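A.B. asks: need a structure here:
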Amino acid sequence: MKHGYELLDKRTYKKQLHNTQKKRIAKMVAKDPLSDEQVIDSAKMSQIMLLTQIIRVIHLIVNITFLSYFTGLAWYIISEATKSSGIDKDEHFVDGFEGKPVEETTVALVYFTFTTLTTVGLGDLHPKNNTERIMCSFTMLFGVMCTSVLMDNFSKMLNELKNFNRNYDESAAFNKFINTLKHFNAD
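C.D. replies: Have a look, this model is predicted:
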């Protein structure tokens, strides 16, 4: 219940006027057909941006898979060559794959080179002699470069998404402001 002195207070009327104006502006912006089109356009742009980022992630995954595959093939060829040339009399990496199906060998090679390129190196597959260890060292150095490029691309994608959303929020607020000005200037 309002007391007499509160009804005469200018702050009460100012607050009611302010609330009425906020409601009126919200109705105008909500009814403005341009604002609906702008929201739809912004939503479409967001979907396109997200789809572009998803395609870039898939592209990076395919690239690292192919890199692992071809590095694994090179590893197998070099290991087989050192075995047949008799450079190292020790045990060889390819000894563990003799008599196994090609599919199983390929999966194991991709697994081995992927863990080597990413410098995880779980240890279940590893070089067996000095020539293979030297080759593995260079493969890991190459892998550090590849992993760094991969992480750089992921961080750039995340920054692009973050900046896009910030720009969208700013443009939406600006569009509401312009539409409000247009409405007041049209009267």
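A.B. asks: and the gap between Thr180 and Ala173?
C.D. replies: 11 Å (Cβ to Cβ, to the nearest Å). Where C-beta positions appear, they are placed from N, C-alpha and C, glycine not excepted.
A.B. asks: who's more crowded, these two?
C.D. replies: Taking neighbours as other Cβ atoms under 10 Å, Thr180 and Ala173 compare with Thr180 leading, 16 against 10.
A.B. asks: Report all helices and strands that the top helix by length along the chain contacts.
C.D. replies: Scanning the chain for the helix with the most residues, using DSSP state H, yields helix 130-186. Applying 3 or more Cβ pairs under 8 Å, 6 or more residues apart in numbering; DSSP states H and E, one finds that helix 130-186 contacts helix 10-31, helix 33-85, helix 102-117.
A.B. asks: For those helices, give me JSON lines that also has distance to Asp152.
C.D. replies: Shown next, in JSON lines, are the helices and strands packed on helix 130-186 (distance: least, Cβ to Cβ, whole Å):
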{"stretch": "helix 10-31", "distance to Asp152": "41"}
{"stretch": "helix 33-85", "distance to Asp152": "11"}
{"stretch": "helix 102-117", "distance to Asp152": "16"}
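A.B. asks: winner for burial among those?
C.D. replies: By mean neighbour count, with neighbours taken as mean count of other Cβ atoms under 10 Å, helix 102-117 ranks first of the helices and strands packed on helix 130-186 at a mean of 17.
A.B. asks: Please state the offset of that one from the chain centre?
C.D. replies: Here helix 102-117 is found 25 Å from its chain centre; the criterion is Cα atoms, centre = their mean, to the nearest Å.
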